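**Q** Below is the sequence, then the predicted model.
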Amino acid sequence: MYQTGMAATQKLSGCRLPPLPTIGEIIKLYNLKAQKQLSQNFLLDTRLTDKIVRQAGNLNNAHVCEVGPGPGGLTRSILKAGAADLLVVEKDMRFIPGLQLLSEAAPGRIRIAQGDILAYKLERRFPANITKTWEDDPPNLHIIGNLPFNVSTPLIIKWLEQMSNRTGIFMFGRTRLTLTFQKEVAERLTASTGSRQRSRLSVMAQYLTTVKSCFTIPGQAFVPKPNVDVGVVHFTPLAQPQIQQPFKLVEKIVKNAFQFRRKHCRRGLGMLFPESQRQELTEELLCSADVDPTLRPTEISISEFRALADAYSKLCNENQGLFDYDFREELKFKHQVKRQSDRSNQTELSDGNP
Ligand SMILES: C[S@@+](CC[C@H](N)C(=O)[O-])C[C@H]1O[C@@H](n2cnc3c(N)ncnc32)[C@H](O)[C@@H]1O
């Protein structure tokens, strides 16, 4: 156990706990120098960590998973808000002793896991009896995290896919997420149709969830200070996703549409089809989805993406192998053939002219 009587102390409200060293003291005590490669930017201001946690809603008696607790600032705020069962998943071993200290102060309320959140099987760590049906209210289970920048985009994509398939942490129902992102990514997640920030991420997040941009945290609030500001975003999975097609199919349409951001959408969507049928199938797709081919990708609404996904799914059913078509593979193959023919022409020339 650590010694009481450390300079500044903090208490977790609502629990009878011994005083705790401040987060700054924890960092010094365990020599927790931030590691750039793990995107470690710590929040020491309890008003800010409390504010992030308030965005999650009522955490009284809740089950919570915190991603990347680090020295434990946000962790304390989650406990203060009344979480009964908090699973923290941290990749960097150096933080474990500090988290154990917190666990001693809040007995039975924290479970510490060392691991990579991108591979971690969260669904194995919560009891089945908290499960709600998808159409019901969300379960009393939350994911909260001041995410490492280098992990935040692949992580939200992974969770969106699991949400669409109702797997992973979404086996328990419509688990809500309260997460931080680089401000620019937060803006993309919440960008509306036609806005400058509208991107693949906007469509993928918004067809599956209600996304709310909560507030911005200036970079200087973090230690060390990152080069960017940070946005806090809250996601509630929709009971009825706005597009009823498999995630991978939606992802393919959206990725292709945004391929040529500044061009008419016809250009990017055309790349869904082999060159030999490109013109004919692109016209069929846009016509049956009733989407204006001269829209820019940023101007396509979610309901138009729904129509495109439905029309593309129908075309895939009618044209065997179409879904597996990748224009990059076709281009690669054409380049290979051209290189081979150039090489054999050169050989012929040099054979004729010794
Ligand atoms: C931005 S810091 C946030 C720390 C702390 N929650 C706070 O708000 O001060 C990100 C944390 O995520 C951890 N982390 C980085 N990559 C991770 C991963 N793949 N899985 C789990 N944790 C990770 C880092 O070690 C660090 O503690």
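**A** That came in fine, so what should we check first?

**Q** Up against the ligand, what does the stretch 51-200 of the chain have?
**A** Selection of the stretch 51-200 of the chain residues close to the ligand by CB under 6 Å from any ligand atom yields 67-70, 73-74, 89-92, 95, 116-118, 146, 148, 151. Yep, even glycine has a C-beta here, placed from its N, CA and C like the rest.

**Q** Is it correct that L201 falls within a strand?
**A** No - counting by DSSP: H, G, I helix; E, B strand; the rest coil, L201 is not part of a strand but helix.

**Q** who's in contact with it?
**A** By CB atoms under 8 Å, 6 or more residues apart in numbering, the contact set of L201 is T153, I156, V185, R188, L189.

**Q** one more time with 10 Å, if that's ok
**A** Contact analysis of L201 by CB atoms under 10 Å, 6 or more residues apart in numbering lists 153, 156-157, 160, 181, 185-191, 211, 254, 258.

**Q** could you show me where the helices are in the stretch 51-200 of the chain, in order?
**A** Assigned by DSSP state H, counting those that start in this stretch, the helices in the stretch 51-200 of the chain fall at 73-80, 96-105, 149-165, 183-190, 200-208.

**Q** any idea how this protein splits into domains?
**A** With domains defined by automatic domain parsing, the chain comprises 7-237, 247-323.

**Q** Reformat these as a markdown table; add mean pLDDT.
**A** Output for the domains of the chain, formatted as a markdown table (pLDDT from 0 to 100):
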| stretch | mean pLDDT |
| --- | --- |
| domain 7-237 | 93 |
| domain 247-323 | 97 |
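
**Q** Okay, strands next: where are they in the stretch 51-200 of the chain?
**A** Ranges of strands within the stretch 51-200 of the chain are 63-67, 85-90, 110-114, 141-145, 176-182, based on DSSP state E, counting those that start in this stretch.

**Q** Who are the packing partners of the last one?
**A** Strand 176-182 is packed against helix 46-54, strand 63-67, helix 73-80, strand 141-145, helix 149-165, helix 183-190, strand 209-217, strand 230-237, with contacts defined by 3 or more CB pairs under 10 Å, 6 or more residues apart in numbering; DSSP states H and E.

**Q** burial measure for I23, as a count.
**A** Residues lying near I23 (other CB atoms under 10 Å) number 25.

**Q** what's the nearest residue to L29 if we skip its chain neighbours?
**A** Nearest non-adjacent residue to L29, counting by CB to CB, 6 or more residues apart in numbering: P21, 6.3 Å away.

**Q** Can you name the residues that contact the residue lying closest to G194 once chain neighbours are set aside?
**A** Nearest residue to G194 in three dimensions, chain neighbours excluded: E299, at 5.3 Å (CB to CB, 6+ apart). Contacts for E299 (CB under 10 Å, 6+ apart) come out as T193, G194, S195, R198, H264, C265, D292.

**Q** helix/strand/coil for the closest residue in space to the fifth one that isn't next to it in sequence?
**A** Yep, that's H264 we're talking about. Distances taken as CB to CB, 6+ apart put T294 closest to H264, at 4.7 Å, once the chain neighbours are dropped. Secondary structure state of T294, per three-state DSSP, is coil.

**Q** before we move on, the earlier item: same list (the helices and strands packed on strand 176-182) but as JSON lines, adding mean neighbour count.
**A** Putting the helices and strands packed on strand 176-182 into JSON lines (neighbours: other CB atoms under 10 Å) gives the following:
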{"stretch": "helix 46-54", "mean neighbour count": "18"}
{"stretch": "strand 63-67", "mean neighbour count": "25"}
{"stretch": "helix 73-80", "mean neighbour count": "26"}
{"stretch": "strand 141-145", "mean neighbour count": "25"}
{"stretch": "helix 149-165", "mean neighbour count": "19"}
{"stretch": "helix 183-190", "mean neighbour count": "20"}
{"stretch": "strand 209-217", "mean neighbour count": "17"}
{"stretch": "strand 230-237", "mean neighbour count": "22"}
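
**Q** Any idea which of these gets closest to L308?
**A** When the helices and strands packed on strand 176-182 are compared by CB to CB, helix 149-165 sits nearest L308, at 16.7 Å.

**Q** Quick one: list the elements packing against that closest one.
**A** strand 63-67, strand 141-145, strand 176-182, helix 183-190, helix 200-208, strand 209-217, strand 230-237, helix 247-257.

**Q** Now these in CSV, please, with extra columns for distance to D326.
**A** As requested, the helices and strands packed on helix 149-165 are arranged in CSV below (distance: least, CB to CB, whole Å):
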stretch, distance to D326
strand 63-67, 32
strand 141-145, 33
strand 176-182, 29
helix 183-190, 25
helix 200-208, 17
strand 209-217, 28
strand 230-237, 30
helix 247-257, 9
